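Chemist: Sequence below, structure please.
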Amino acid sequence: MRPPCDEAIIRSGSVRVPCAEQARLWILAATILGSSMAFIDSTVVNVALPALQASFRATVVDVQWVVESYGLFLGALILVGGSLGDLFGRRLVFVVGVIIFALASAGCGAASNIYQLIIARSVQGVEAALLVPGSLAIIGTSFDEKSRGQAIGTWSGFTAITAAIGPVLGGWLVEHASWRWAFFINLPLAAAVISISLWRIPESRNATVARVDWLGATIVTLGLGGLVSGFIESVTLGWRHPLVFGSLMVGFGCLVAFVIVEASGAWPMVPLRLFASRSFTGANLLTVFLYAAMGIFFFLFPLNLIQVQAYSATAAGAAATLPMILLIFLLSRWSGGLIARYGPRVPLITGPLIAAFGFVLFAVPSVGASYWKAFFIAVVVLGLGMAITVAPLTTVVMNSADQERIGAAWGINNAVARVAGVLAIAVLGIVMVNAFGARLDSKLANFSLPPEILRDMERSKIKLAGLELPASLNPTIRAAIRESVREAFVFGFRLIMLICAGLSVASAMAAWLLIPDNRGTLPH
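Modeler: Just a heads-up that it's a prediction; the model follows:
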């Protein structure tokens with residue numbers, strides 16, 4: 001799902017390029033399609049993971065990197081992407097981002113091994129960091145205050161629709177064509193965006209931006225990359241391996257250095273003075289916990305539906321995201337008015353607590369559970385919790401910064417949401433693999449399997465439910481072991497869902513402790 005505060009960055013812009021009514025329609029079309037490319041790619045891939053794993057015989061570490069490589073660069077560089085647009089021209093940076101994103105999408109679809117796919121996904125993440133803030137800034141500078149509200153509603157509505165339809169369309173392509181088409185579909189979209197942008201979008205810049213914080217961007221990317229690499233590779237290499245230990249040390253060291261650089265820099269990408277506001281600090285702490293839970297959820301839930309519950313990719317795409325995104329879209333206006341009635345603290349405590357209950361409901365179903373009886377209610381409850389949370393969270397972030405800092409406040413919160421998801425997949429992926437392995441070992445002890453079969457199974461546990469069983473097994477024993485694999489996955493999934501519930505409760509605690517109860521606070 002989309003991180004919070006996207007609409008708010010549009011509101012923070014001031015008109016620098018007056019546009020005719022007809023041109024504005026084309027501008028909306030280009031920015032909606034451009035944003036949708038990035039939104040779709042960040043969700044469709046989760047539905048395609050089982051097919052990717054089967055196609056490349058990949059481990060869970062490999063498919064983690066497919067997701068993480070995109071999210072890591074997007075989260076680390078999204079603030080730089082906005083600054084580049086201000087400095088060199090928003091249309092120029094937006095178009096360049098779309099062009100290279102399309103080329104990287106073609107590289108993803110043509111990848112012949114998992115490593116090529118990971119590299120292409122990394123390039124996609126870098127370019128998404130250009131086109132996402134670029135599309136928002138273009139709207140903010142092309143519409144005056146009177147027409148901007150309608151533009152925000154149109155952009156938000158259509159991007160919500162594409163976010164909802166994307167996993168369903170991607171699942172259909174995976175099921176009926178190939179996972180490769182989930183990436184190739186970006187090419188005609190990119191062609192349309194580039195044509196409209198060059199034809200109809202005027203160029204604009206921000207003369208007050210003097211430079212880009214390249215040092216900060218480099219350090220934070222190395223820091224996050226080191227942490228993610230260390231946590232993910234620890235599953236196969238162990239904590240004492242030099243690569244794992246060294247990556248973690250570099251990661252932590254770079255993040256400490258990043259704070260020092262940002263505190264002393266003249267043009268920091270993260271103005272640390274924003275965190276002097278208790279509301280801003282509380283909102284971002286809430287975001288860390290809640291979006292960490294959502295990140296690992298959207299990584300594991302499609303694997304559960306497809307590999308364990310035997311759903312088709314199309315059904316999994318619809319079941320995993322469609323009800324939740326539609327619920328958030330339909331209730332966003334209502335939830336935005338909760339602050340005026342109750343103040344920001346009440347919805348930001350209530351929403352995460354409802355989300356926590358939703359995660360608990362996801363921990364109940366076992367293998368072969370009915371979607372409507374087991375998962376649908378959980379999806380609705382989780383979606384309701386997020387719907388109550390997102391709009392008030394956006395408002396609190398925006399109201400905690402003055403007018404000149406709204407863009408920075410949006411960028412920081414957006415990046416925090418994305419980075420939280422990336423780190424959650426890396427860290428909680430370790431918990432999932434260990435829980436799955438321990439449960440499977442206890443199940444296999446009942447089968448009296450030959451040592452060589454046990455060794456093969458041990459090496460394959462890193463594939464989780466995508467584990468390939470030895471062909472030499474008796475068909476009856478093979479079916480029983482396959483059922484044990486599914487049960488082991490469900491055991492690990494339940495544990496992760498309970499951890500996600502705890503993270504959601506922690507986000508509610510952050511709101512209770514740090515966000516003031518200022519009734520009547522209205523969104524900008």
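Chemist: which stretches of the stretch 151-300 of the chain have low pLDDT?
Modeler: Applying pLDDT under 70 to the stretch 151-300 of the chain flags residues 152-153, 207-210.
Chemist: in it, which spans are helices?
Modeler: Remark: helices assigned in the stretch 151-300 of the chain by DSSP state H, counting those that start in this stretch are 181-184, 186-200, 214-237, 242-264, 278-303.
Chemist: Find the nearest non-adjacent residue to residue 134, please.
Modeler: Nearest non-adjacent residue to residue 134, counting by CB to CB, 6 or more residues apart in numbering: residue 94, 3.5 Å away. No exception for glycine: its C-beta is placed from N, CA and C like everyone else's.
Chemist: Any idea how many residues pack against the one you found?
Modeler: The local packing of residue 94 (other CB atoms under 10 Å) involves 29 other residues.
Chemist: Which positions within the helix or strand hosting it qualify as buried?
Modeler: Using DSSP states H and E, residue 94 sits in helix 90-110. Across helix 90-110, burial judged by 16 or more other CB atoms under 10 Å covers 90-109.
Chemist: now swap in stretch 483-498 and tell me
Modeler: Within stretch 483-498, the residues that count as buried by 16+ other CB under 10 Å are 484-497.
Chemist: Tell me which of the helices of the stretch 151-300 of the chain sits most buried.
Modeler: Across the helices of the stretch 151-300 of the chain, the average number of neighbours (mean count of other CB atoms under 10 Å) peaks for helix 278-303, which reaches a mean of 24.
Chemist: Check which helices and strands that helix sits against.
Modeler: helix 21-56, helix 60-88, helix 313-336, helix 345-362, helix 376-399, helix 406-444, helix 475-514 (3 or more CB pairs under 8 Å, 6 or more residues apart in numbering; DSSP states H and E).
Chemist: chain center to the first one: distance?
Modeler: Between the mean C-alpha point of helix 21-56 and the mean C-alpha point of its chain there is a distance of 13 Å (CA atoms, centre = their mean, to the nearest Å).
Chemist: Give me the helices and strands touching that helix, please.
Modeler: helix 60-88, helix 90-110, helix 114-142, helix 145-176, helix 181-184, helix 186-200, helix 278-303, helix 313-336.
Chemist: So for residue 32, which of those helices sits nearest?
Modeler: Residue 32 lies closest, by CB to CB, to one member of the helices and strands packed on helix 21-56: helix 145-176, at 4.7 Å.
Chemist: Specify the angle between the closest one and helix 278-303 in degrees.
Modeler: Between helix 145-176 and helix 278-303, the angle comes out at 20 degrees (axes from the mean of the first three to the mean of the last three CA atoms, to 10 degrees).
Chemist: List the buried residues for helix 145-176?
Modeler: 148, 151-152, 154-156, 158-160, 162-175.
Chemist: Could you give the separation of it from the chain centroid?
Modeler: A distance of 15 Å separates the centroid of the chain from that of helix 145-176, by CA atoms, centre = their mean.
Chemist: Would you mind saying which of the helices and strands packed on helix 278-303 lies nearest residue 204?
Modeler: Set against residue 204 and scored by CB to CB, those come closest in helix 60-88, at 8.6 Å.
Chemist: could you give the mean pLDDT of that closest one?
Modeler: Per-region confidence: helix 60-88 scores 87 on mean pLDDT.
Chemist: Let me see the contact set for residue 412.
Modeler: If a contact means CB atoms under 8 Å, 6 or more residues apart in numbering, then residue 412 has 79, 270, 274, 284 as its contacts.
Chemist: Who are the contact partners of the residue nearest to the spatial centre of the chain?
Modeler: The residue lying closest to the centre of the chain (CA atoms, centre = their mean) is residue 418, at 5.3 Å. Applying CB under 8 Å, 6+ apart, we find residue 418 in contact with 3, 71, 74, 75, 78, 291.
Chemist: what kind of secondary structure is residue 366 in?
Modeler: Recorded secondary structure, residue 366: coil (DSSP: H, G, I helix; E, B strand; the rest coil).
Chemist: Can you report phi and psi for residue 366?
Modeler: Here the main-chain torsion angles of residue 366 (degrees, to the nearest 10) amount to phi -110, psi -170.
Chemist: pretty sure residue 405 contacts residue 274?
Modeler: Yes - counting by CB atoms under 8 Å, residue 405 touches residue 274, with 6.2 Å between them.
Chemist: pLDDT averaged over stretch 412-425, what's the number?
Modeler: On average, stretch 412-425 scores 91.
Chemist: go on, stretch 397-406?
Modeler: Across stretch 397-406, pLDDT averages out at 73.
Chemist: That stretch: which residues count as buried?
Modeler: 397, 398, 399, 400, 401, 405, 406.
Chemist: one step back: include pLDDT and distance to residue 232 when you put the buried residues of stretch 483-498 into a markdown table, please.
Modeler: Putting those into a markdown table (pLDDT from 0 to 100; distance: CB to CB, whole Å) gives the following:
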| residue | pLDDT | distance to residue 232 |
| --- | --- | --- |
| 484 | 91 | 26 |
| 485 | 91 | 22 |
| 486 | 93 | 24 |
| 487 | 94 | 25 |
| 488 | 94 | 20 |
| 489 | 95 | 19 |
| 490 | 95 | 23 |
| 491 | 95 | 21 |
| 492 | 96 | 16 |
| 493 | 96 | 19 |
| 494 | 96 | 22 |
| 495 | 97 | 19 |
| 496 | 97 | 16 |
| 497 | 97 | 21 |
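Chemist: Out of those residues, which comes closest to residue 63?
Modeler: Checking the buried residues of stretch 483-498 against residue 63 with CB to CB, the nearest one is residue 489 at 14.0 Å.
Chemist: residues in contact with the nearest residue to the closest one once chain neighbours are set aside?
Modeler: Nearest residue to residue 489 in three dimensions, chain neighbours excluded: residue 465, at 4.2 Å (CB to CB, 6+ apart). By CB under 8 Å, 6+ apart, the contact list for residue 465 reads 303, 304, 307, 308, 485, 486, 489.
Chemist: May I have the residues that are in contact with the nearest residue to the second one once chain neighbours are set aside?
Modeler: Leaving aside its sequence neighbours, residue 304 sits nearest to residue 493 (CB to CB, 6+ apart; 5.4 Å). For residue 493, the contacting residues are 300, 304, 308, 362, 363, 432, by CB under 8 Å, 6+ apart.
Chemist: Residue 493 and residue 453: what is the separation?
Modeler: Residue 493 sits 25 Å away from residue 453, taking CB to CB, to the nearest Å as the criterion.
Chemist: for residue 374, same thing?
Modeler: Distance, residue 374 to residue 453, using CB to CB: 33 Å.
Chemist: same deal with residue 389?
Modeler: Noted for residue 389: a distance of 48 Å to residue 453, by CB to CB.
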